[in-house]
Structure formats: structure tokens, C-alpha cells
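J.: just to be clear, the model below is a prediction. Sequence and coordinates:
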Amino acid sequence: MMFFKDCVECMATSDNVVRAGLTPKFKDVETLCNMLSYTSGQDWIINGTPLPTGTGFSYDPPVDEFSVNMYKVIKSYHATQPIFDS
């Protein structure tokens, strides 16, 4: 997801991870290199939906695990956002 040239990466939790470095956890470089594909996938451009409070946008990718809210913060404005169950 891109917000004005900032990148947000969202990942669901998983035990299905192959690591190659930058961690003290088990690394399996050979398996990771064998899994790599250098073909491009489809670009996802997700247009945000305005939040009901008018203070930002909700970005809902076509997966059930998560969505991302972007809040527009104005110094002189006070707003209370709803609490979302996870």
C-alpha cells in the first residue's frame, strides 16, 4: 500500500517463513534462493474509502486478515476514533 510515497507492508502472522539473514533465528539461504521467482506480479492500487468521521481513509485489500486506516491529523483538531476488535 502506498501513501504519498510511503510504503506500508502488512503481513499476516505465519509459521511459513524462510529467512536468509538479519535475524538471530534459523536461516535457510539455499531454500530461499530455490524459492525465488523473478516474474512480476500484478500491481495493487487500493483506493481508500473515507472514514465516517471524515478524519482519514480506510484501505481494505482483498484479504480477510487486515485493513489499514490512515488518519489525517490536524494540530488544532481533536477527534476520538472507534476501537476496532482484532
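T.: Perfect, thanks for sending it.
J.: CA atoms for contacts and neighbours, from now on please.
T.: OK.
J.: next one: the residue positioned nearest the centre of the chain from Gly56, what distance?
T.: Against the mean C-alpha coordinate of the chain, by Cα atoms, centre = their mean, the closest residue is Cys10 at 2.4 Å. The gap separating Cys10 from Gly56 is 18 Å, by Cα to Cα, to the nearest Å.
J.: next one: Lys75
T.: For Lys75, the distance to Gly56 - Cα to Cα - is 14 Å.
J.: circling back: quick one, what contacts the residue nearest to the centre of the chain?
T.: Counting by Cα atoms under 8 Å, 6 or more residues apart in numbering, Cys10 touches Phe66.
J.: measure it to Asn69 for me?
T.: From Cys10 to Asn69 the distance is 12 Å (Cα to Cα).
J.: could you pull out the strands for the protein?
T.: Assigned by DSSP state E, the strands in the chain fall at 2-3, 6-7, 49-50, 56-59, 68-71.
J.: and the third one, how far from the chain's centre?
T.: Yep, that's strand 49-50 we're talking about. 17 Å (Cα atoms, centre = their mean, to the nearest Å).
J.: kindly report the same for the fourth one.
T.: Using Cα atoms, centre = their mean, the distance from the centre of strand 56-59 to the centre of the chain it belongs to is 13 Å.
J.: ok, now how distant is Pro50 from Gly56?
T.: Relative to Gly56, and taking Cα to Cα, Pro50 is found at 6 Å.
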